[in-house]
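>>> got a sequence here, can you model it:
(chains A, B, C and D)
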Protein chains: 4
Amino acid sequence: MLKVGVVGATGYTGEEMVRLLSGHAKVKLAYLSAILDKEEPVADIFPSLAGKIDLVCRKPNIEETVRETDLVFLALPHRVSMEVAPKFLSAGKKVIDLSADYRLSPDAYKIWYGAEHKDKANIEKAVYGLPELYADRIKKAAFVANPGCYPTSIILAVAPALKNELVYPDNIIADSKSGVTGAGRKADLALSFAEVNENVKAYKVNAHQHKPEINKILSDVARKTIDIIFTPHLIPMNRGILSTIYMRLKKGTAAKDVIGQYKNFYRGKPFVRVLDDGRLPQTKDVVMTNWCDIGIVVKDGLLIAVSCIDNLTKGAAGQAVQNMNLMCGFDEREGLV
Amino acid sequence: MLKVGVVGATGYTGEEMVRLLSGHAKVKLAYLSAILDKEEPVADIFPSLAGKIDLVCRKPNIEETVRETDLVFLALPHRVSMEVAPKFLSAGKKVIDLSADYRLSPDAYKIWYGAEHKDKANIEKAVYGLPELYADRIKKAAFVANPGCYPTSIILAVAPALKNELVYPDNIIADSKSGVTGAGRKADLALSFAEVNENVKAYKVNAHQHKPEINKILSDVARKTIDIIFTPHLIPMNRGILSTIYMRLKKGTAAKDVIGQYKNFYRGKPFVRVLDDGRLPQTKDVVMTNWCDIGIVVKDGLLIAVSCIDNLTKGAAGQAVQNMNLMCGFDEREGLV
Amino acid sequence: MLKVGVVGATGYTGEEMVRLLSGHAKVKLAYLSAILDKEEPVADIFPSLAGKIDLVCRKPNIEETVRETDLVFLALPHRVSMEVAPKFLSAGKKVIDLSADYRLSPDAYKIWYGAEHKDKANIEKAVYGLPELYADRIKKAAFVANPGCYPTSIILAVAPALKNELVYPDNIIADSKSGVTGAGRKADLALSFAEVNENVKAYKVNAHQHKPEINKILSDVARKTIDIIFTPHLIPMNRGILSTIYMRLKKGTAAKDVIGQYKNFYRGKPFVRVLDDGRLPQTKDVVMTNWCDIGIVVKDGLLIAVSCIDNLTKGAAGQAVQNMNLMCGFDEREGLV
Amino acid sequence: MLKVGVVGATGYTGEEMVRLLSGHAKVKLAYLSAILDKEEPVADIFPSLAGKIDLVCRKPNIEETVRETDLVFLALPHRVSMEVAPKFLSAGKKVIDLSADYRLSPDAYKIWYGAEHKDKANIEKAVYGLPELYADRIKKAAFVANPGCYPTSIILAVAPALKNELVYPDNIIADSKSGVTGAGRKADLALSFAEVNENVKAYKVNAHQHKPEINKILSDVARKTIDIIFTPHLIPMNRGILSTIYMRLKKGTAAKDVIGQYKNFYRGKPFVRVLDDGRLPQTKDVVMTNWCDIGIVVKDGLLIAVSCIDNLTKGAAGQAVQNMNLMCGFDEREGLV
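Next comes the predicted model:
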């Protein structure tokens, strides 16, 4: 059994990591840590996990983590991951980082995250963990940068169209609607119930830090520079992201052809469902699962793709498990269906 | 005192009409009707209105309505309004129709609402009741077609840019997020709490019946044919619409200039607020009010406008009162602030 | 015009005070203050109030407040009100305190609020501002202690039964369900959307600080010591409290008789509605209003009363306006319907 | 592998049955039926189940069901179960009925469900499927009447106190707060989003059809007639029930003693968690699990128990699986943790 640990286990992403790993047949969840006043059983912190797992959440300790695990998930805020990742890597551990710290070039990181990167050497070793695009590299990787939630929902809906040159590469517009857990577990007036409930707002219009991540990967897919337009919105629900993406078709390809090409693109990929013509996805069908559902509308020269994921599962912890499965030679679906 | 009536008083729009009219200083709410098993006080149907109004809701009766009112609001489903509107008009009543029956040409109506129009003669007499664009005509009108909720939120956010030729007229994309009351008050599994809560979905992608209404008015503003792309989404809240609209700037106009031109366009219009640079609207700031709030972002050659209204107030009943105020020579804000 | 001020204008209660006072025909809302980084128009803080009020919210300043107002509403946290109330009172201002600072005896205050009271002299001058019970005293008062939200919902549902000796005075159980705004406007993980949404919990079971307030007033009504059992619950909605109260009937009084006695008790009281036999209240019928709706069920020797209020209106700011109306000789309903 | 079927697979309970059974290691989910326009894969009806199960939902057909299953779950409305249960029983199948049809005596059934029972012979053969009380009988049963959701939440919180004679048996009050899925999956204006959201109401005060079921079982536990007072409330969330239960202590037993006795009572029962002194449960900790969490407060002569379950899991489908596990000799927790 592979011994795995989660560093930063008490956020929403950490909780989802524990939920998924506790049901995974090939690994032993051996170690949990977080910044805590006192160490206590994780089932006391997250009572829904009681009976599934009998493990104490520890205070952060690198040596202890190294000693007790073979693979480490970092469910940490950005800027914190880059402090600890190199230590686990130099100790020979496999690492999957769920923060944004290893997804961009050092220059882009500085612009979008406002800080000099402290571990530039490992950035190029990190493989971007979107298995539908990079499974071959992930299988050989010791270090995976797990994608952001918005990027996962957008890249998966755009990649087949760019790869197959169905659409013009400029003026792609992604309008995303996200539940609240995407913002993390914290005391913040703007996230309080009475501010979020019965409300919807746009934020960071075309200025969200996930934009360069999306552009980097889509440019790699298209083999040319892509610069999308991206507006995130906060809506009153806990989990889920729906992205509506507007692309201009190069020629009058029929909806069924487009859908057929999307289905081909994702043939053999176990977590993407391309819906049949006339069907549209909704987040409730993917919440608590690792699915990404994609619906396609072709109309008036446009290819409109609508994608749904659970931001904590396919958008974070589920995808991290999927990456671990590939890195360790397990069935890609293990622990996820 | 002007005697006013509401026909179709028991839907969400009808309830909002009664709420607003009961606080209006220049009119007497004299008549209410709806399809009912038995006639009963409207305060029994909508207990929040008790104390504000002491009126029995009657079963539909044209003669009675004609006798007891000077002006009639039709808060009826489409296809029903066109059965009764001509009767009130021929009896010399002022009429404000909140349905979609008099907003399109007969041909467009047939295509989008799936039925032959039964009162073509009055279509051209109906003035489109968007006061920010058509106040002069509304002041002289006896018959007003009150705009749809999505069109109100989109047209107000696009009109200044088209009128001032700030943007290219093609490829305008409107992505709207609506609360549930927009779908009306009815028993429908798709609208039930457990289906809508913790969920978001797109529907009628670029195929919603409000699209031709938006196109018709924007074409009139731009003096050329406009064909927008429009995707509505249902999100888990009761009231409010936020529309995010993507337009391509003709030249590198700065955000402050664009905002200045929007502010000029709406100078003297009492219900549109153009936010200062760097601010974005949210629906909670306009719910239960007649405000339309518009935020502007200029970036990467795009003008992104975000607008918020309450679908039942500025998107329906409040705008109907605003139209009545203009038709009857009252202060445009009477009963609305 | 009476010049009124609100000290502590930026909480949910303060916002509701401003909303109500800005529509009140007999007063001029002349002064607002709150702890702020910079002074700014209140319409910028609460955009829904724009157009209704054109006033800058100031930083706290006693002298300024004294100079510019005749009557002051204190929408402050407990422990803060008792620091400022004596200054306004000694300057001859009328004061309505919405905090808990003047509702209990000094001894009870110390037990339940954990601090020595700093203004004991004024406690006995403060009239408890529940107009349905104490209108005569309120009319003569210069200083009113505005009731808590839970006490308002419970006392109004119990008082007629105790006063008329319909029920045994012991073992009265009040089980209350509250929306989130009752907890105030603040950054607190326990109040964050993802913690409150899709959740219900009991808290402070029979140990909430509103319990001694309820007991004090009910004991005064019953002319004997009352000690209720009180459990508050937090449910996922913004506004409203529903209290279900279980009392044991002394004899087999029929439902209609009980309801008749409740209706008599509240005859002439403009904000309590006792529902007819067979009807039950719901919070949506009272939200954004000053109504308290009470439904009565008599069964198996029990009198079960269900009451609904909006915690921010009848449970706070609306009741404060009602008190002001009585203190100043205005119509009790002014500004509230 | 035991072949199991679900009759009535398209309600919320049916969906939860399929979710749980598809992950159960000892059974093969072999048959699904429901009233349908056309037969289709269950993964098309409930897309979240795709990948977990590859089965077509059939139109109801008794013979087919008999042929393809060893054990049948009836997730049917009351009055419908009693039409089909006898056919499966006489064919020698094990049956677990999730409706209310076999929980009461024929006389009580007629009073509370308004219809003559059509299968009286099998009522006494049905074992009430609350494993924490009746595991021995369930292990030998061929026919189990699965408890209602409210009864599960209330009986588990009261039984230890009655069994151990900690409390007086009269005047037990249960005040329950339920999410919306408890009302079933149907088109109903009262269940529509805009009616339920931002609202709370009591309904069927002390007159709900689950009351006789609760009384019957609690009387069996106490060996005397119990007649509780029970008020259900509808609150705006999808899943979960919290019941607050007020009982009068016979003597001054300390909280720790009471909690100790509760813990003893549930020793070895895998799905009840009695919380330590000072802790209270919340529904979010049990949603999507088979846990029943119970918190205890002792104060002023009262024992207040607060219990939380997921109405669709421990309150319906999860408990049904737990019953199957006992009936078939599987580990009681199989498929549930």
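>>> so what's residue A:228 up against?
Residue A:228 is in contact with A:154, A:158, A:172, A:173, A:174, A:211, A:214, A:215, A:218, counting by CB atoms under 8 Å, 6 or more residues apart in numbering or on different chains. Every C-beta, even on glycine, is put in place using the N, C-alpha and C of the backbone.
>>> filter those residues to keep only those in contact with chain B.
residue A:173 (CB under 8 Å from any CB of the partner chain).
>>> just the ones of the contacts of residue A:228 in strands?
Among the contacts of residue A:228, the members found in strands (DSSP state E) are A:173, A:174.
>>> wait, which of the contacts of residue A:228 is closest to chain C?
residue A:154 (22.6 Å; CB to the nearest CB).
>>> that closest one and residue D:13: what is the separation?
Noted for residue A:154: a distance of 36 Å to residue D:13, by CB to CB, to the nearest Å.
>>> where along the stretch 201-337 of chain A do the strands fall?
A:201-202, A:229-234, A:241-248, A:272-274, A:292-299, A:302-309 (DSSP state E, counting those that start in this stretch).
>>> need the winner for burial among these.
Burial of the strands of the stretch 201-337 of chain A is given as mean neighbour count (mean count of other CB atoms under 10 Å in any protein chain shown); strand A:302-309 ranks first at a mean of 27.
>>> wait, does that strand contact chain B?
Yes - using CB under 8 Å from any CB, we find that strand A:302-309 touches chain B at A:302, A:304, A:306.
>>> tabulate the contacts of residue A:228 (JSON lines), appending neighbour count and distance to chain C.
Putting the contacts of residue A:228 into JSON lines (neighbours: other CB atoms under 10 Å in any protein chain shown; distance: CB to the nearest CB, whole Å) gives the following:
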{"residue": "A:154", "neighbour count": "29", "distance to chain C": "23"}
{"residue": "A:158", "neighbour count": "28", "distance to chain C": "28"}
{"residue": "A:172", "neighbour count": "26", "distance to chain C": "30"}
{"residue": "A:173", "neighbour count": "23", "distance to chain C": "27"}
{"residue": "A:174", "neighbour count": "28", "distance to chain C": "24"}
{"residue": "A:211", "neighbour count": "22", "distance to chain C": "24"}
{"residue": "A:214", "neighbour count": "25", "distance to chain C": "25"}
{"residue": "A:215", "neighbour count": "20", "distance to chain C": "29"}
{"residue": "A:218", "neighbour count": "23", "distance to chain C": "30"}
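>>> dump the contacts of residue A:228 to JSON lines, plus pLDDT.
Output for these, formatted as JSON lines (pLDDT from 0 to 100):
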{"residue": "A:154", "pLDDT": "98"}
{"residue": "A:158", "pLDDT": "98"}
{"residue": "A:172", "pLDDT": "97"}
{"residue": "A:173", "pLDDT": "97"}
{"residue": "A:174", "pLDDT": "98"}
{"residue": "A:211", "pLDDT": "97"}
{"residue": "A:214", "pLDDT": "98"}
{"residue": "A:215", "pLDDT": "98"}
{"residue": "A:218", "pLDDT": "98"}
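>>> just the closest of the contacts of residue A:228 to residue D:91, please.
residue A:154 (53.5 Å; CB to CB).
>>> now that closest one. Nearest residue, chain neighbours left out?
residue A:174 (4.7 Å; CB to CB, 6 or more residues apart in numbering or on different chains).
>>> tell me what the helix or strand of chain A with the lowest mean pLDDT is packed against?
Least confident element among the helices and strands of chain A, by mean pLDDT, DSSP states H and E: helix A:42-45 (a mean of 90). Here helix A:42-45 touches strand A:56-58, going by 3 or more CB pairs under 8 Å, 6 or more residues apart in numbering or on different chains; DSSP states H and E.
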